[in-house]
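S.K.: The following comprises the amino acid sequence and a computationally predicted model.
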Amino acid sequence: MAYSYDSENIFAKILRGDIPNDTVAESEYSLAFRDINPAAPEHILVIPKQAYVNFDHFGAEASDAEIVDFNRMLAKITREVGVAQVAGGEGYRLITNAGSHGVQDVPHFHMHIIGGRQLGRMIST
Ligand code: AMP
């Protein structure tokens, strides 16, 4: 079993600097930027800089340093954009989609941070 990564996906192009992005935070291993089609007032995507296709790929092959960096960045952003309760917010949702059943559009692992309004129930269908 092997993972195959399409280096022409849109987030790979963002990482190469081929197309612009609205950066929120950047670290050695991770990049966070605003979703181009936000589902809520705060909608930020966090991606690893290395080529991982989805969550299970990242969890299997990323280094401990990459995984820690990614999770620290996610948590930091929830506080910095003010959706974390500790920062005075009302909460947020983290979502990652994988494959066709998960309705993943961009085949580079990413976590959505969504907040800033009351969200609906998680599963609609
Ligand atoms: P997913 O269905 O989980 O793969 O979600 C992909 C997300 O990427 C969607 O929410 C899109 O709005 C977002 N997206 C696509 N292209 C861009 C882009 N160039 N910059 C920022 N977000 C993007």
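M.R.: Sure thing, it's come through. Everything numeric in this text was worked out from a predicted model, so none of it was measured. Numbering: from 1, shown residues only.
S.K.: nearest residue to residue 72 other than its sequence neighbours?
M.R.: residue 27 (7.9 Å; Cβ to Cβ, 6 or more residues apart in numbering). Any C-beta I mention is one placed from the backbone N, CA and C, and that applies to glycine too.
S.K.: I figured the one you found hits residue 73, correct?
M.R.: Yes: the criterion here is Cβ atoms under 8 Å, and residue 27 meets it with residue 73 at 5.7 Å.
S.K.: What values do phi and psi take at the residue nearest to residue 72?
M.R.: Backbone geometry at residue 27, expressed as degrees, to the nearest 10, gives phi -140, psi -170.
S.K.: do residue 94 as well
M.R.: phi -110, psi 130.
S.K.: One more: residue 21?
M.R.: Residue 21 adopts backbone torsions of phi -150, psi 160, taken as degrees, to the nearest 10.
S.K.: what about the nearest residue to residue 24 once chain neighbours are set aside, is that helix, strand or coil?
M.R.: Distances taken as Cβ to Cβ, 6+ apart put residue 32 closest to residue 24, at 4.4 Å, once the chain neighbours are dropped. Per DSSP: H, G, I helix; E, B strand; the rest coil, the local secondary structure of residue 32 is strand.
S.K.: so how far is residue 14 from residue 32?
M.R.: 11 Å (Cβ to Cβ, to the nearest Å).
S.K.: next one: residue 25
M.R.: For residue 25 relative to residue 14 (Cβ to Cβ), the value is 14 Å.
S.K.: Compare the two (neighbour count), which wins?
M.R.: Using other Cβ atoms under 10 Å, the more surrounded residue of residue 25 and residue 14 is residue 14, with 19 against 16.
S.K.: hey, where'd the helices end up in the chain?
M.R.: For the chain, the helices defined by DSSP state H cover 10-16, 55-61, 64-80.
S.K.: so can I have CSV of these showing mean pLDDT and distance to residue 113?
M.R.: Putting those into CSV (pLDDT from 0 to 100; distance: least, Cβ to Cβ, whole Å) gives the following:
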stretch, mean pLDDT, distance to residue 113
helix 10-16, 98, 15
helix 55-61, 98, 15
helix 64-80, 98, 6
